[in-house]
Every structure is written in C-alpha cells, then in structure tokens.
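**Student:** make a model of this:
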Amino acid sequence: MYEPSAAVEGIEEPLEGAAETAAVAPADEFPWRRWEVWTYVVLIAAALSMRLWDLGAQALHHDESLHATYAWYLFQGTGYVHDPMMHGPFQFHGTAAMFFLFGDNDFTVRLLPALFGTALVALPALLRSRLGRYGALVTSVLLTVSPTMLYFSRFARNDIYMAVWALALVAVMWRYLDTRRPRYLVLASVFLAFALATKETAYVVAVILGSYLF
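**Tutor:** The predicted model follows:
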C-alpha cells in the first residue's frame, strides 16, 4: 500500500546526508599540528628576513624609479593621475602609504613588495585540503627559497602583488566550492577588485579561473 509519509522520509534522508557532507569543510580532514604551525612561523620569519635584508642597497631599476617618483608625488600631496603605461593605482597608493608610515627612501620603496612576498609564502596554508599537509608545506618552502619569487619580492613593481591576488583567488575559489559559504564569494570579490586595481593581467587571471569554474 502506498504510504506518502514513507516516500517523504525516503527523500529527506539523502538530502540530510548531503547537507551534513557539504557542511564539513575538507580542511577538517587535516587538523593543525603544533609542529606544523611552528614550521609555518619559521618559514614566514625566514621569508621576511630574506626579503628585508639590505633591501635598499641596490640602485632603483628604471621601472622602480617611475613607481617611486609618482608615489612620492602622491605622498607630497600633489595627487595622482592614472596612466595605463604604469598599470593600476594600487602600487602608487600602497607605496605612498609606506612613505607616510616609514619615510621616503629606497628601502621603503620596496617594503610593500617585500611584505607581499612574505604573505605569498603563507598562502599555501589555505590550500591544505587540496595539497595535503605536507604538500602545502613543501609549496611554502619552495616559495620561500625560489630565486624568482625572492627577486620580485624585492622589486618595486606589481608582479608580486598579482601573484598574491591570483593565489588568494585560487584558495577562496576552492573554499567556496567545498563549503558553499558566501563569505568566500565576498573575499573573492575583494581579491579580484584589488587585482583589477593592480595590473591589467587581472583580466587574464579572471578568464583562466573562470574557465575552470565553468
């Protein structure tokens, strides 16, 4: 005999199971270990030291001198006019903020890239659910000692900023797909907005990541 209540129960059970599965973030599969946290702390400290050491000793590159000059104009209060030749306004406002906080010199011109290069080392921790505990740590180690990443972390251009925005977008994209929590969409919007304000390659990043989503 047909029983509506039994049919409804049969439908509700898998839905409840799916909801419970979606509510559990994959990151929970890899609970943090104390040694792991300390390893990240040591890596971040090492990365910061490598990026700050003798940061202002080398003469400014031609591109750096342009970015420093127009950031200095903004710091002096003469304003800023966007010029696509030098990409987005983020680096000029960011460098002007470094001048305001720490003074204007060759060290502070490169300070923001150095801080972003250090942040890049920490970002693989957000991908532990995909890379695994050891995979994320190895990625952070490679970003710490990579000659290319170290160079661009000590160079007053927007390359290292874009590396951070792109990796952060990948991390929050996976977080949203795993958890469906709206806050990751908000974070993705913030990171994409900063990327668009940094360099035109943000459009390429958006197309590449968007193609994977579709």
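**Student:** helix or strand for the spatially closest residue to Pro113 that is not a sequence neighbour, which one?
**Tutor:** Leaving aside its sequence neighbours, Pro113 sits nearest to Ile160 (Cβ to Cβ, 6 or more residues apart in numbering; 4.9 Å). In short, each C-beta sits where N, CA and C put it, glycine included. Ile160 belongs to helix 159-179 when assigned by DSSP states H and E.
**Student:** tilt between the next helix or strand after that helix and helix 159-179?
**Tutor:** Under the assignment DSSP H and E, the closest C-terminal helix or strand after helix 159-179 is helix 182-196. With axes from the mean of the first three to the mean of the last three Cα atoms, to 10 degrees defining the directions, helix 182-196 sits at 160 degrees from helix 159-179.
**Student:** so how far is helix 182-196 off the chain centroid?
**Tutor:** Chain-centre distance of helix 182-196: 11 Å, with Cα atoms, centre = their mean, to the nearest Å.
**Student:** what's the helix or strand hosting Leu143 packed up against?
**Tutor:** Assigned by DSSP H and E, Leu143 belongs to helix 128-145. Where contact means 3 or more Cβ pairs under 8 Å, 6 or more residues apart in numbering; DSSP states H and E, helix 128-145 is packed against helix 34-52, helix 111-122, helix 159-179.
**Student:** in TSV, list these along with distance to Ala206, mean neighbour count and mean pLDDT.
**Tutor:** Formatted as TSV, these follow (distance: least, Cβ to Cβ, whole Å; neighbours: other Cβ atoms under 10 Å; pLDDT from 0 to 100):
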stretch	distance to Ala206	mean neighbour count	mean pLDDT
helix 34-52	27	15	97
helix 111-122	19	23	98
helix 159-179	8	21	95
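**Student:** surely Leu126 touches Asp178?
**Tutor:** No: under the criterion of Cβ atoms under 8 Å, Leu126 makes no contact with Asp178, lying 11.4 Å away.
**Student:** follow-up on the earlier one: list the contacts for the residue nearest to Pro113?
**Tutor:** The neighbours of Ile160, taking Cβ atoms under 8 Å, 6 or more residues apart in numbering as the test, are 113, 116-117, 120, 149, 152-153.
**Student:** distance check, it against Leu177.
**Tutor:** Note on Ile160: its distance to Leu177, by Cβ to Cβ, to the nearest Å, is 26 Å.
**Student:** ok, Met86 next?
**Tutor:** In this view, Met86 and Leu177 are 35 Å apart by Cβ to Cβ.
**Student:** now do Ala188
**Tutor:** Noted for Ala188: a distance of 11 Å to Leu177, by Cβ to Cβ.
**Student:** picking up where we left off before, adding distance to Thr201, write the helices and strands packed on helix 128-145 out as a markdown table.
**Tutor:** Output for these, formatted as a markdown table (distance: least, Cβ to Cβ, whole Å):
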| stretch | distance to Thr201 |
| --- | --- |
| helix 34-52 | 22 |
| helix 111-122 | 15 |
| helix 159-179 | 6 |
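**Student:** spatially nearest residue to Ala114 (excluding sequence neighbours)?
**Tutor:** Counting by Cβ to Cβ, 6+ apart, the residue nearest Ala114 is Arg51, at 3.9 Å.
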